[in-house]
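Colleague: need the 3D shape of this:
(one chain, ligands or ions: 1)
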Amino acid sequence: MAIHNKSHHNHALMSINKLRKDNKFEINNVTSSDIEKSTICLNIMDCCDFLKDIPDNSVQLICIDPPYNLELEAWDVYDNYIEWAAKWLNEAYRVLSNTGSMVIFGGIQFRDVKSGDIIDIIQYVRNHTKFKLINTIIWYYKNGMSAHRYFANRHEEVIWLAKTNDYYFDLDSVRVPYSEEQLQLALRDKRLNPENTRKGKNPTNVWEIGRLNGNSKERVGHPTQKPVEIIERFVKALSYKGSVVLDFFAGSGTVGRVCINEKRHCLMCDSSFTSIDYFNKHIKLMKDLKQNTAYNSTKNSEEFFEQINGRLDKNERYAAVG
Ligand SMILES: C[S@@+](CC[C@H](N)C(=O)[O-])C[C@H]1O[C@@H](n2cnc3c(N)ncnc32)[C@H](O)[C@@H]1O
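Modeller: I've put the predicted structure just below:
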């Protein structure tokens with residue numbers, strides 16, 4: 001019996017096609033502003049306390065790499081993982097703007113299901129929130145641990161959730177260039193739009209990006225530091241210049257580093273003081289790469305929003321209070 005391709009019955013595709021028809025799929029329905037400097041806030045506190053002070057609909061992208069109860073580190077132990085995760089997932093939904101997205105790194109724990117993993121998060125999100133699951137990205141890497149009792153793991157999952165169907169997505173900013181040979185072939189393919197073909201190909205939802213080895217030049221010392229390249233792709237595609245990106249499990253602050261380079265404002269928090277040293281190491285590495293490291297630093301989220309909304313500068317604020 002023939003197997004029919006049912007992708008046109010897929011609800012996500014159907015709603016995207018409807019948006020296209022209604023001419024709503026135009027990405028740049030947002031005001032992107034080429035800011036001179038990013039504003040950065042890195043607070044050392046619990047994520048749930050940090051989130052409480054962030055206004056509704058104020059964030060374009062949340063990019064997080066949460067702890068998963070693996071008990072590898074002191075910060076990675078929770079009695080009831082999903083009950084805890086539900087608190088920040090609900091807050092995340094509240095603070096996102098209507099064009100906003102949330103990206104969550106995770107893995108699937110095959111052996112021990114008592115802990116939380118990305119499947120538990122997807123299940124919670126589907127059953128208890130209005131988030132829309134847009135993509136599951138397979139982050140594939142060739143370097144990893146060896147194994148003898150199972151196939152060695154070479155991928156991690158990253159889910160992309162949107163608050164509404166009006167999510168911002170700038171595919172052109174992350175297209176992958178074709179080789180000259182591939183380009184000539186693709187230009188002959190009548191199904192492809194030649195204008196888009198010349199811009200490069202869709203990176204698809206399988207991304208091959210090396211994990212950071214112990215001796216990687218990018219390493220600043222955080223045990224679960226993520227590569228700049230993978231964060232960069234999310235920041236470029238799902239946020240725009242001058243918009244606000246949030247990471248409430250900042251770790252070394254890789255998201256903040258990318259935001260400075262890509263001219264986004266960034267709110268971060270982590271429960272550990274070591275984050276500050278790690279972040280300073282990122283800045284030093286950026287300087288070594290001759291990247292622009294100028295940014296405005298703010299002491300909390302309230303000051304952060306005052307600064308980016310240009311309401312009052314710090315001196316005026318104190319003058320107004322006094
Ligand atoms: C997986 S790491 C993030 C690594 C980061 N993506 C990077 O590239 O460096 C998770 C971080 O969450 C922090 N963390 C754990 N529980 C937290 C909590 N309740 N509130 C805030 N941060 C927390 C840990 O200190 C740890 O640095």
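Colleague: so how far is stretch 49-65 off the chain centroid?
Modeller: Relative to its parent chain, stretch 49-65 has a centroid offset of 12 Å by Cα atoms, centre = their mean, to the nearest Å.
Colleague: list the contacts of the closest residue to Ser33 other than its chain neighbours.
Modeller: Beyond its immediate neighbours in the sequence, the residue positioned closest to Ser33 (Cβ to Cβ, 6 or more residues apart in numbering) is Gly242, lying 3.6 Å away. For the C-beta atoms, the positions are set from N, CA and C on the backbone; glycine is no exception. If you count contacts by Cβ atoms under 8 Å, 6 or more residues apart in numbering, Gly242 has them with Thr31, Ser32, Ser33, Asp34, Ile35, Lys263, Arg264, His265.
Colleague: ok, Phe105 next?
Modeller: If you count contacts by Cβ under 8 Å, 6+ apart, Phe105 has them with Ile64, Asp65, Pro66, Trp139, Glu156, Glu157, Val158, Lys226.
Colleague: residues near the closest residue to the ligand within the stretch 201-322 of the chain, how many?
Modeller: With distances taken as Cβ to the nearest ligand atom, the stretch 201-322 of the chain approaches the ligand most closely at Gly251, which sits 2.4 Å away. Using other Cβ atoms under 10 Å, Gly251 has 24 other residues around it.
Colleague: just the buried members of the contacts of Gly242?
Modeller: When neighbours are counted using 16 or more other Cβ atoms under 10 Å, those contain these buried positions: Ser32, Lys263, Arg264, His265.
Colleague: which of those lies closest to Ile122?
Modeller: Ranked by distance to Ile122 (Cβ to Cβ), those are led by Arg264 at 26.4 Å.
Colleague: so what's the residue nearest to the spatial centre of the chain up against?
Modeller: The centre of the chain sits closest to Cys63, judged by Cα atoms, centre = their mean, with a distance of 2.9 Å. Counting by Cβ under 8 Å, 6+ apart, Cys63 touches Met102, Val103, Ile231, Phe234, Val235, Val245, Leu246, Asp247, Val255.
Colleague: farthest pair within those?
Modeller: Greatest spatial distance among the contacts of Cys63 (Cβ to Cβ): Met102 and Ile231, at 13.9 Å.
Colleague: what packs against the helix or strand harbouring Glu306?
Modeller: Secondary structure assigned from DSSP states H and E places Glu306 in helix 301-308. Other elements packing on helix 301-308 under the criterion 3 or more Cβ pairs under 8 Å, 6 or more residues apart in numbering; DSSP states H and E are strand 38-44, strand 265-270, helix 314-321.
Colleague: tell me what angle the first one forms with strand 265-270.
Modeller: Strand 38-44 and strand 265-270 are oriented at 10 degrees to each other (axes from the mean of the first three to the mean of the last three Cα atoms, to 10 degrees).
Colleague: touching, Glu157 and Gly106? I think so.
Modeller: Yes: with contact taken as Cβ atoms under 8 Å, Glu157 and Gly106 are classed as touching, separated by 5.6 Å.
Colleague: looking at the two, which has the bigger crowd around it?
Modeller: When Glu157 and Gly106 are compared on other Cβ under 10 Å, the one with more neighbours turns out to be Gly106, at 21 against 17.
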